[in-house]
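Visitor: no sequence on hand, only this structure:
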């Protein structure tokens, strides 16, 4: 495969009640919009990891403990996922020259995590504290944020899943149904975003709608 292939990876929470985390939403207004975000008191949720590149998606991977209960991510769990899931899956694809891009989450950039990824990928790591630096918060340039997470969440609740197992099955199905042609358009979109950033010399992106 070509050496310029880049896999972007990230995690997302899926709540059983359909709640969507608004942390990446931005509201622009001259007046105070008085926006309120409802947060569930005791949410049932799954934490899902995926990696995406033009040729496919690795995942979903659901973070669970030894008893099979859903858990959130920490450094040990992230490194276990890299060792036990991502590396074996990567070896099943013809992507030996793949570059790996991740955001600045603490468990992504811990020294033990960076060392593990460098042992696996060499210098083909785009990450804070990695061989190629990457901004800690770059959702406009992360395809998991601007495409995959929202696309999957728009479909998995259609039949109103009542259990976490049902929700997990829906997530697997929706991701498995994503065609390579769509992923190619996502990466074309990504390169367009990079062009905008280069043209503006790193200034914030203008309000542009990118069609997938």
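Guide: That came through, no problem. As the structure is a computational prediction, the values presented were derived from the model and not from experiment.
Visitor: poorly predicted segments of the protein, please.
Guide: The chain contains residues with pLDDT under 70 at 1-5, 19-43, 94-96, 135-140, 202-212.
Visitor: which parts of the helix of greatest length in the chain are buried?
Guide: For the chain, the longest helix by residue count, based on DSSP state H, is helix 180-199. By 16 or more other C-beta atoms under 10 Å, the buried positions in helix 180-199 come out as 183, 185-187, 189-190, 193, 196-197. Glycine gets a C-beta too; all of them are placed from N, C-alpha and C.
Visitor: packing partners of it?
Guide: When contacts are defined as 3 or more C-beta pairs under 8 Å, 6 or more residues apart in numbering; DSSP states H and E, helix 180-199 sits against strand 45-53, strand 56-62, helix 143.
Visitor: quick revisit: closest one to residue 85 out of the buried residues of helix 180-199, please.
Guide: Closest approach between these and residue 85, by C-beta to C-beta: residue 183, at 19.8 Å.
Visitor: identify the residues contacting the closest one.
Guide: Contacts here follow C-beta atoms under 8 Å, 6 or more residues apart in numbering; on that basis residue 183 touches 52-57.
Visitor: picking up where we left off before, take the buried residues of helix 180-199 and lay them out in TSV including distance to residue 147.
Guide: Output for the buried residues of helix 180-199, formatted as TSV (distance: C-beta to C-beta, whole Å):
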residue	distance to residue 147
183	9
185	9
186	5
187	10
189	7
190	9
193	11
196	16
197	17
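Visitor: name the nearest residue to residue 45, sequence neighbours excluded.
Guide: In space, and not counting its chain neighbours, residue 45 is closest to residue 15: 4.6 Å by C-beta to C-beta, 6 or more residues apart in numbering.
Visitor: measure how buried that neighbour is and give me the count.
Guide: By other C-beta atoms under 10 Å, the residues close to residue 15 number 18.
Visitor: any idea how far it is from residue 64?
Guide: Per C-beta to C-beta, to the nearest Å, residue 15 is found 16 Å from residue 64.
Visitor: just the strands in the protein please.
Guide: Remark: strands assigned in the chain by DSSP state E are 6-15, 45-53, 56-62, 99-101, 125-126.
Visitor: using TSV, lay out those strands together with distance to residue 144.
Guide: Shown next, in TSV, are those (distance: least, C-beta to C-beta, whole Å):
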stretch	distance to residue 144
strand 6-15	4
strand 45-53	6
strand 56-62	10
strand 99-101	10
strand 125-126	14
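Visitor: quick one: which of these is nearest residue 68?
Guide: Closest approach to residue 68 among the strands of the chain (C-beta to C-beta): strand 56-62, 9.8 Å.
Visitor: hmm, who's touching the closest one?
Guide: Here strand 56-62 makes contact (C-beta under 8 Å, 6+ apart) with 7, 9, 46-52, 70, 81, 85-86, 89-90, 93, 148, 168, 171-172, 175, 178, 180, 183.
Visitor: 10 Å instead?
Guide: Contacting residues not belonging to strand 56-62 are listed as 7, 9, 11-12, 14, 46-52, 68, 70-71, 81-82, 84-86, 89-90, 92-93, 95, 98, 144, 148, 152, 164, 167-168, 171-172, 174-176, 178, 180, 183 [C-beta atoms under 10 Å, 6 or more residues apart in numbering].
Visitor: so who does residue 65 touch?
Guide: Each residue near residue 65 by C-beta under 10 Å, 6+ apart is listed here: 71, 77.
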